[in-house]
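Participant: Okay, here's the prediction I keep looking at, along with the sequence it came from:
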Amino acid sequence: MPHRPYIVGNWKMNGTRAMLAEARAIDRAAGRYPDVQIGLAPPFTLVHTIASEAQAIGTGGQDCHTEAKGAHTGDVAAAMLADAGADFVILGHSERRRDHGESDALVKAKAEAALGSGLGIIVCVGETLEQRDAGQAEAVVQAQVAASLPSAAMAEEAGMARVAVAYEPVWAIGTGRVAAVEDVVAMHQAIRQTLVDWSADLGEKVRILYGGSVNADNARDLLAADGVGGALVGGASLTAESFLAIVAAAHSARTD
Ligand SMILES: O=C[C@H](O)COP(=O)(O)O
């Protein structure tokens, strides 16, 4: 793991104010792991509260609109997220691609809007089980990466710290089924190649996170794997106890 690992919790559509205690506990403990960058992406309704209280963790949104403002009922602009205190936004998650028909081109436009508003971005990609079984996984994911990332010029201006890619095989999300470490390594190499083609400046530096049923038991092996720069964690990020176990694994994968 050449860079500081990046461990991000995605609460998805989970969390009312009652869950703020978990976010506070994560933030308090984060100070013990300065070698791990930690982010939490709660529902929009909790972004401002968590961002305004957090001392050691970053706060993110789970989506943003391409436009800065206007008649888009129910949507949230990147600048609004930034105004609420967010540091980053997750874009192109497979659940948004599935539930809202988000295309690579739309994800790219959102990524550019987010960078333009000063946010960091985590651009999600991943193949379905059918695509993997058909031997198309790497080609599908490489095409998603190439078409979903913001322009290289915008990303280069923002810098590597504000750009990350999350590889999340769709069949591994919320299923308890984790990709084999060797498959994760192979896919991360394929993504890296696409990133290098995209930007000579950033391609080698952008962190590639793994996501899909990461938990305290499998985190260490995944995070120690060649090319894995962190984890995007869903279910196991919902309690401080299970999320911090993953943060601790990232710390030990780095220091052992
Ligand atoms: O954004 C997170 C991923 O979708 C992984 O979710 P999961 O850890 O519940 O499988």
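Facilitator: That came through fine.
Participant: Up against the ligand, what does the stretch 51-200 of the chain have?
Facilitator: Residues of the stretch 51-200 of the chain lying near the ligand by Cβ under 6 Å from any ligand atom: His93, Glu168, Ile173, Gly174. From N, CA and C alone the C-beta is placed, and that goes for glycine too.
Participant: Let me know how buried the closest residue to the ligand within the chain is, in neighbour terms.
Facilitator: Of all residues in the chain, Gly234 sits closest to the ligand, at 2.3 Å by Cβ to the nearest ligand atom. Counted by other Cβ atoms under 10 Å, the residues lying close to Gly234 total 20.
Participant: go on, Ser103?
Facilitator: Counted with other Cβ under 10 Å, Ser103 comes out at 12.
Participant: Excluding chain neighbours, give the residue nearest to it in space.
Facilitator: Spatial nearest neighbour of Ser103, excluding adjacent residues (Cβ to Cβ, 6 or more residues apart in numbering): Arg97 at 7.8 Å.
Participant: host element of the one you found?
Facilitator: helix 94-100 (DSSP states H and E).
Participant: hey, C-alpha coordinates of the very next helix or strand once past that helix in CSV?
Facilitator: As assigned by DSSP H and E, the chain's next helix or strand after helix 94-100 is helix 104-116. Once non-C-alpha atoms are left out, helix 104-116 reads as follows in CSV (Å, rounded to 0.1, in the frame of the first residue of the first chain):
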residue,chain,number,x,y,z
ASP,A,104,-21.0,6.5,-17.2
ALA,A,105,-21.5,9.8,-18.9
LEU,A,106,-23.7,11.1,-16.1
VAL,A,107,-21.2,9.9,-13.5
LYS,A,108,-18.5,11.8,-15.3
ALA,A,109,-20.5,15.0,-15.4
LYS,A,110,-21.2,14.6,-11.7
ALA,A,111,-17.5,14.0,-11.0
GLU,A,112,-16.7,17.2,-12.8
ALA,A,113,-19.3,19.2,-10.9
ALA,A,114,-18.0,17.8,-7.6
LEU,A,115,-14.4,18.7,-8.4
GLY,A,116,-15.6,22.1,-9.5
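Participant: in whichever helix or strand comes after helix 104-116, what's buried?
Facilitator: Under the assignment DSSP H and E, the closest C-terminal helix or strand after helix 104-116 is strand 120-125. Neighbour-count burial for strand 120-125, counted by 16 or more other Cβ atoms under 10 Å, picks out Gly120, Ile121, Ile122, Val123, Cys124, Val125.
Participant: Report how many residues lie close to the residue nearest to Ser103.
Facilitator: The number of residues packed near Arg97 is 20, by other Cβ under 10 Å.
Participant: And the helices in this protein, which stretches?
Facilitator: 20-30, 44-53, 78-83, 94-100, 104-116, 129-133, 137-148, 152-158, 181-198, 219-224, 240-255 (DSSP state H).
Participant: got a markdown table for the ones you listed, with mean pLDDT too?
Facilitator: Compiled in a markdown table, these are given as follows (pLDDT from 0 to 100):
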| stretch | mean pLDDT |
| --- | --- |
| helix 20-30 | 98 |
| helix 44-53 | 98 |
| helix 78-83 | 98 |
| helix 94-100 | 97 |
| helix 104-116 | 98 |
| helix 129-133 | 95 |
| helix 137-148 | 98 |
| helix 152-158 | 97 |
| helix 181-198 | 97 |
| helix 219-224 | 96 |
| helix 240-255 | 93 |
